[in-house]
Each structure stands twice: as C-alpha cells, then as structure tokens.
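Q: Sequence plus predicted model, see below.
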Amino acid sequence: MKTLDIYNTDKDILQKWYHLLTLGRAIDEKAPMHQRQSLGWSFHAPYAGHDGIQLAIGQTFVRGQDFLFPYYRDMLTALSAGMTAEEIILNGISKATDLTSGGRHMSNHFSKIEWHIENISSAVGTQAMHAVGVARAMAYYNHTGVAITSIGEATVSEGYVYEAINGASTEKLPVIFVIQDNGYGISVPKKDQTANRKVAENFSGFKNLKIIYCNGKDVFDSMNAMAEARAHAIETGSPVIVHANCVRIGSHSNSDNQSLYRDEYELSYVKAADPLLKFRRMLLRYNRFTEEELLAIEAEVKKELSIANRNAIMAPDPDPSTVLDFVLPEPYLPAKYRDGTHNEAGEKTNLVTAINETLKSEFRHNPDTFLWGQDVANRDKGGVFNVTKGLQKEFGSKRVFNAPIAEDFIVGSANGMCRFDPKIHIVIEGAEFADYFWPAVEQYVECTHEYWRSNGQFTPNITLRLASGGYIGGGLYHSQNVEGALSTLPGARIVYPSFADDAAGLLRTAMRSKGFTLFLEPKALYNAVEAATVVPDDFEVPFGKARIRRTGDDATLITYGNTTHLCLKVAERLAKENIGNIEVIDIRSLIPLDKQTLFESVKKTGKVIVVHEDKVFSGFGAELAATIGTEMFRYLDAPIQRVGSTFTPVGFHPVFEQAILPNEERIYKAAKELLEY
Amino acid sequence: MLLHNVQEDCNNLQQHEVTYFLRLKNYYSMKKIGLFYGAGIATAAIVAKIQEAFGDTQVDRIPVETARGVDFEAYDNLIMGVSTWFDGELPAHWDEIVPELKTLNLHKKKVAIFGLGDQQNYPDNFVDAIGILARVVEVQGAELAGQTSSESYHFQQSQAIRDNNFLGLALDVDNQSDKTDERIRNWVEQLKREFL
Ligand SMILES: Cc1cc2nc3c(=O)[nH]c(=O)nc-3n(C[C@H](O)[C@H](O)[C@H](O)COP(=O)(O)O)c2cc1C
Ligand SMILES: Cc1ncc(C[n+]2csc(CCOP(=O)(O)OP(=O)(O)O)c2C)c(N)n1
C-alpha cells in the first residue's frame, strides 16, 4: 500500500482535501452564528483540532461497502464521506428535510442512512455495539466492507465500549474503532479517565485486535493510518483500533466555557497546533500550491457555503402534527387468526415447547433469522429453561449461538446486525433472567428510539425474549418483572402471554413483524399444566388483541402473565360460591393495548379489578386503572381495585415470597369486596 | 591558519603541551554549527543558553519554521532543538519539515539533538521527539553526537533511549530546572569534543 506524503499525493487529491478541510471549518465557524440568530444549531460540538483524522475517516469510508457510525463531533467526517454542506446545515438547524431525522434528533448528529452513514444516539459510545453487530452481518453474508465507528477518548471509559471491542475481538469482526483523543471529556482531563495516557493501550492484550496510533492533527498520518486499518480489517476480517491524537481547539460545545478550566497557555498551544493551518503551511512549503491557488479555493468555499446556507435556511421546518409518526412500524397482520383465537382441539403443548417449536418453525420460514443470548446453545443444552433446545443443532452455530455475559452487548449487537439488511430478524434472549436485563437498558432505549429518531428510516427487527416473574422461590434476582419499568419507553411492543397458544402466536407475529418487540415469558408457567394448550401449527396472535379467557357480567378482571391463572381460579370459585360472575381478560399485549376489548367489558360490568404480578405501585396496572378511570368513568360503579406485589423486592424464603407476590387469596378478597361494593 | 602544522610540531612537545595544542586545534578547526529549533517558549530560552555556552564558536540560529533543506546541508555540525508534545509527538513545525529532511543527504554530518520534555506528566513519552528526529537524520546518513546518560531522570518509556542512553540531551525545565544549566554546560563541552 502506498504511504501518502506531501510529495507523492496527487495535486487534485490535495485540492479535494484542502477544499473539504476549509469547507468543514467554515461550517464549524458559522454554526454558532445560526444559534445567535435563533435559527437553530443549539447543540454544536466544534471539531477543530480533529481535522486530520476526520478527513481521513470520511475519505476511507467506501460507500456501498462500509457502514459508518460517526459521533456528535464528526462533522468533517460526514462531509468528507460525501455529505454536502447543505445536508450538514439541514441537520444543524433541524429542518424537516434533515437527513438524520427531520429535526427530531439533536443537531450535530449527522447521518445519511441511505449511504449507511448511520444515525446514532447522543449517549456516548453506544454506536460501538452497532458497528460490531453490523460487522457480524458482513462476516455472515461474506460481504466485503468494514464498520467504522468513532468515539472520544473519554467515552472509552464506558463499560459497553469495552464490551463492543471485546465482542469484535472474540468474534473477529471487521470493525474499525476510531478513538479521537482530544484529552478531554467536556472538562474532565483524560488522566481522570484511565491510567494510560493513550487509552488504546488498555486494549493491547486483546487477541485479533490491531492498534494503530496516529497523529489526528496530521492529514497524511491520519490518511495512512485509516487506509492501513481498513486494509487490515478487510484482509484479516478482524478489528482495528485507530487511536488518533487530536486537540480540542474550542470548547466542548456551545454550552461549555473552556476558559473556566483551561488557561491561556493551553488555549494558545492548542490553537498553534491547528491541523488546518499545518496542512496549509505544508502545501506552500512544498510548493504544491501557491498562495493564490489556496486563496482561490478559500473563496470558492465561501461561495459554496453561502449558497448551502441560504438553501438550508429556506427549507421547511418540521410539522408538529407528525409527532406520532414512526413510534412503531406497522406490524405483521395475521390473515387467518385475526383476533388471535382458535378452536382447534387435540393434544396440549407446554408453554416452553410452544415457544421452542415456534422458534424452530420461524427459523425454517425465514433463513435470515438469528438467535443469541447467554447459555442458549451448547450441544444438548438450550437455555437455562430449554427454550432454545435443539435450535443450534438444526440451524447451525452461525445462526444460533451463545453470547458473552454482556447484556448490553447482546441487545446492542442485535440492533447493529439488523441494520445490514431489513430482511434480517433477530431473536435475543436479553438476559438469562429478566432480573439481569438491567445492564442492557441503555441499548433497550436505543432500540425504542431508532424508528422515531430516524424519521422512519430504520427500525430494528428484534424480538427480545426475557424469562420473567416469580413463583419459583428465586428471591430478589430471579423473580423480577420488568414491564412496569420498561413500558414507559415508547418504541417497543410489549407482550406477556400466559398460555402456550398465545405465546406461540405472539412470537410468530413478533418474528414476522418489522420493529422491536419485548416478549416476556412467565417462566413459572413454562412447564405448568394450566398454561398448556392446543397450539395450531400456524397460530398467530395480532398485537393489541386482548383475549377474554372467561366471560362474565358482574366485574371485569384485567390481567396478564402468571396471574391470569390465579384470576381464572378465583373467578371460578366466586361463581361457584354464587358471589358473582367475573369476566377475565388476559391483555396479552401491553403495548399496543386493546382498549376496545377492555372498554366493552367495563361498559358491561361497571366494575374493574386489575391484577398483575409486578408491584402495584407504579406497575403497569396503574396505567390500566388510570386509562379506564379517565375514559370510562361514567360506566364505573365502584373504584377500580388493584392487586399485585408489595412495594418491596421479592424475598427468598417461601414465607416472604408468599407475602409479597399476589396469590389467590388476595385476589379473591379484593374481587369479592368489589363485587359486594 | 598555521594550525595545520600543529600536529607535526606536537611531536616535539611535552605530553601536556600536546593535549593543549590538540584542543586548540579542534577548537579552531571546528566547522560552523547550525542550531535548528522549533518555536516553543521553553526551547527558545535553552537555545540562548546553548549559544552562550559555546562562547566564541559560531553558532547560527535557524528557526525550523523558515528553514529549508539547503539550510541543513550548509552545516557539518548541526544541533536540533525539539520539544515533545501531545504524548510523544514532534511539535507541528518540526513535523512539517520531516518530509524534507527525509530527502537530504546528511552523510558526514554530525547531528546533536536536545529536547525538552516533562518526565513527571509524560513518563511514557518522555522526550520522544529526540528519538523520532534522531531516527530520521540517521536514516539520511548523519552521525548522532551528544548522546547522554539517562541516569538522573525518572520515567517509564522514551523513544529517545538507546542502550540506556538518550540519543541527545534531555532537558526537563518543568521538573528539573535546577539541573538544566549544568546539563547544558556539560553537553556543550561534550559537543565541542565530538564536533570535530
Ligand atoms: C499538551 C502537552 C503535551 C506534552 N507532551 C509531552 C510528552 O509527550 N513528552 C514529554 O516529554 N513532554 C511533554 N510535554 C512537556 C513539554 O515538552 C515541555 O513542557 C517543554 O518544556 C515544552 O517546551 P516548548 O515550550 O519549547 O515547546 C507536553 C506538554 C504539553 C503542554
Ligand atoms: C452515556 C453518556 N454519558 C454522558 C454524556 C454526556 N457527555 C456528552 S459528551 C461527553 C464527553 C465525551 O468526551 P469524549 O469521549 O472524550 O469525546 P469529545 O467530546 O471530547 O470529543 C459527555 C460526558 C453522554 N452524552 N452520554
């Protein structure tokens, strides 16, 4: 590979670089003016001092082959990768035609999804996992290309960045992690982040990982480093860290005042290290350009920026009436089982078997399905609860495999992988138990944001399975329900079946739908007789369709998951005792919620009791009760009752578990009181 | 000058006189010295001290910002002053001239490099620039002069180290300013011997 230098680089290439460097800088310097004129760009993170490496990232990116995940300081990267000045400004001032998000996402987050310059979060470094995920797809589909992600050096302190680099090293994936080291994370100097001054050294023991150090302030060194990195990643299919030494000439962003923590001397020496001026001096020193030629390029840039600016300012602003667009994509609509019920007779199947068989059948149906999680596949073992048993045997270890104990990585790499092609659908076991899902919540949030934040351009096709709930004597960390906490995040469908057929039907629908579905499995029911049902082979349950599991006229009992079975027993008992005839509705899907079925029942009975296993306080039942209270008040004859867990963790000793989780007695008592109200 | 005859004359002299005359010969026959240095504030102060320590010997000061290849080639004895920046980098102006240095013929030239650094805050890259520059000029045929012991310093790693010695003179005005003058004096004396 030719090493570029000031002598051997073609003049037209030098001209292109100087044009990009000058244009980028001109936009960067113009950005604060937009803010001062209240035109937008209220978040601006200037890149000056990172010029060399950003030019190089953009120039190295190969459109049509690579995926690029720039971070919020990567304006020149985006420009150098081919975005126009106007496109940059459209994002800066949040116009409806902003390619990133039509004004939904923050300014200074540049993307062009069509070219796979990806739209990333503001949560620093989270895109590193997406890069690893998409590189996994590149490897699987034998695609020639690399995933390039960039981050600041402070961001490497995030544990999930370690998870991402570890993942790329373990799986040997073509990812280039560019670390743009400007010495600061806002005001925090890098000595407070990690002991090595060059954080890339922290990774020197990682196998399959090449580390290249470069001067990010120098165009040639950066170009050579990035070219070497890409060639290495493609040739060996393995990851590279490019550690680029930069300076931050400006403040962290427009909301930061660097003079509060950097002295005059420092401000002067970072300015003196300006990469653009250095490059300009070199063009002159080595007689590659005359002063006049450079002035001509600068004049041209000025004109170009002025036109781009004018056009961008005239572009339409976003329309607030579109806020509800792109929360969730349209789901798959079952043709045969439109309301998600059936009357098939025959042999009953356990819940766990129903899920297992549906997974297999969907894996046969769609060859672009993948599954991973902790402990999901090793010879005859298929998950802690055998849900994935036999899958790896049938579909191979490239489609079904174990993940490291890194929940955030499990979710984040799924989000990344499904970007490669919308035909891909990924099923992940997000954690061995729902209780261990918390480390992944950041990536959960990203999954919920993608569709809305990209203005409908990308939705992660993921079914996230979690074995949830208690009643197994599992204590604080094997009994949790997570839906109460997660249902406040728009952008995920949440389903929680309580019978084998519903589990099978909802799973099939989730796996055939675009978008992100959280599929909660009541693990206490995996092998429970009461949850076993006949399951038609092709059964499907649409999202947002509740199922009336028992009809009644005297009260409506709304429930889901483990408690459905308790409620059915209580209803039978109350009927037998002639106290009342209760309608039991299993909502099955929390989001979207079948309000219609609930409301119709409320109209009929006038009394409502909401039961779930999660805590009463701030559990999903609060939303159900409030919705009914607000919208159906005139039909109510009694205050809505709620039964669920105490506002405590779930204790380990059986007496604690009994005292905490809802049981038949408590439901019976509450229902009886309600009927007698 | 008549000194070219000194060697013969020495044969007739006492040993201590021989030594004296040889010194004198070296001193007068020493070729011009070019001192090339970067724009750093601390380096500029050192440049003045070095020049002073050379006394009457002609030491031309040439800022690298404006130096050209021919300027380097004009001297047989060169001193280069380069501080280390940003975790082991050459300062920008030195870095810019490296491609040009790589085209020069430095055979038969002696190059002595001094460099400023900070061993306390940058112990993994202490005076790296000395090493970076030393390698560049060596490849171009120059012979390194003015290598010094690394004994009175405390650091972890340095590109300027070869066989336990610095490839030039390491100065640390941030942490060992009290040692600077003596280090310069000794070094200049060393150079007077080595720059023959
Ligand atoms: C941002 C910065 C980075 C530095 N990096 C190094 C380094 O890697 N190694 C080193 O020995 N000294 C380093 N130094 C210390 C300087 O070389 C030292 O302060 C020197 O005296 C500066 O000289 P000058 O002003 O002539 O350039 C660094 C200083 C600063 C401010
Ligand atoms: C997860 C997360 N934590 C904190 C922040 C707030 N934050 C924004 S930028 C930043 C500093 C990042 O510094 P670095 O990675 O060095 O990149 P730089 O901004 O210097 O380019 C922080 C802490 C965030 N955006 N995301």
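A: Okay, I see it. Ligands and ions are numbered 1, 2, ... in the order given.
Q: Does A:S204 touch A:K210 like I think?
A: No - with contact defined as C-beta atoms under 8 Å, A:S204 does not count as touching A:K210 (10.5 Å). Every residue, glycine included, has its C-beta placed from N, CA and C.
Q: if I pick A:T9, what's in contact with it?
A: By C-beta atoms under 8 Å, 6 or more residues apart in numbering or on different chains, A:T9 lies in contact with A:F220.
Q: Tell me how far it lies from ligand 1.
A: In this view, A:T9 and ligand 1 are 28 Å apart by C-beta to the nearest ligand atom, to the nearest Å.
Q: Could you do A:F363 as well?
A: Distance, A:F363 to ligand 1, using C-beta to the nearest ligand atom: 54 Å.
Q: quick one: low-confidence ranges for chain B?
A: B:1-30 (pLDDT under 70).
Q: and A:T509, what element?
A: In this assignment (DSSP states H and E), A:T509 forms part of helix A:500-512.
Q: Point out the other helices and strands that the lengthiest strand in chain B packs with.
A: For chain B, the strand with the greatest residue count under DSSP state E is strand B:110-116. Judged by 3 or more C-beta pairs under 8 Å, 6 or more residues apart in numbering or on different chains; DSSP states H and E, strand B:110-116 is in contact with helix B:41-53, strand B:77-81, helix B:128-139, strand B:143-145, strand B:169-171, helix B:177-194.
Q: repeat that for 10 Å
A: strand B:33-37, helix B:41-53, strand B:77-81, helix B:128-139, strand B:143-145, strand B:165-166, strand B:169-171, helix B:177-194 (3 or more C-beta pairs under 10 Å, 6 or more residues apart in numbering or on different chains; DSSP states H and E).
Q: Adjacent strands (with direction) for that strand?
A: Take DSSP bridges as the rule and strand B:110-116 pairs in its sheet with strand B:77-81 (parallel), strand B:143-145 (parallel), strand B:169-171 (parallel).
Q: Around chain A, which positions in chain B sit nearby?
A: For chain B, the residues in contact with chain A (C-beta under 10 Å from any C-beta of the partner chain) are B:39-41, B:65-68, B:85-93, B:95-100, B:102-103, B:121-125.
Q: Which among those count as buried?
A: Buried members of those, scored by 16 or more other C-beta atoms under 10 Å in any protein chain shown, are B:40, B:67, B:85-93, B:95-97, B:99-100, B:122-123, B:125.
Q: more neighbours, A:S204 and A:K210?
A: Using other C-beta atoms under 10 Å in any protein chain shown as the criterion, A:S204 and A:K210 rank with A:K210 on top: 16 against 11.
Q: which ones are touching the nearest residue to the more buried one once chain neighbours are set aside?
A: Leaving out its chain neighbours, the residue that sits closest to A:K210 by C-beta to C-beta, 6 or more residues apart in numbering or on different chains is A:V240, at 4.6 Å. Contact analysis of A:V240 by C-beta atoms under 10 Å, 6 or more residues apart in numbering or on different chains lists A:146, A:148, A:168, A:174-178, A:208-212, A:225-226, A:228-233.
Q: Can you read off the pLDDT for A:V240?
A: What the model reports as pLDDT for A:V240 is 98.
Q: Now do the residue in the stretch 251-400 of chain A that ligand 1 sits nearest to against ligand 2, distance only.
A: With C-beta to the nearest ligand atom, the shortest gap between the stretch 251-400 of chain A and ligand 1 falls at A:Y269, namely 6.1 Å. Distance of A:Y269 to ligand 2, given as C-beta to the nearest ligand atom: 17 Å.
Q: Next up, identify which helix or strand that residue is on.
A: Judged by DSSP H and E, A:Y269 forms part of helix A:264-272.
Q: contacts for that helix?
A: Contacts of helix A:264-272 (C-beta under 10 Å, 6+ apart): A:48-49, A:182-183, A:217, A:246-250, A:258-259, A:262, A:277-278, B:39-41, B:85-86, B:91-93.
Q: what pLDDT, on average, does that helix get?
A: Average pLDDT, helix A:264-272: 96.
Q: now the strands for the stretch 1-150 of chain A?
A: In the stretch 1-150 of chain A, the strands defined using DSSP state E, counting those that start in this stretch lie at A:67-69, A:147-152.
Q: Could you chop the chain up by domain?
A: Picking chain A for this. Chain A breaks down by automatic domain parsing into domains covering A:11-322, A:351-531, A:547-675.
Q: right idea, wrong chain: chain B
A: Taken from automatic domain parsing, chain B resolves into B:1-30, B:32-194.
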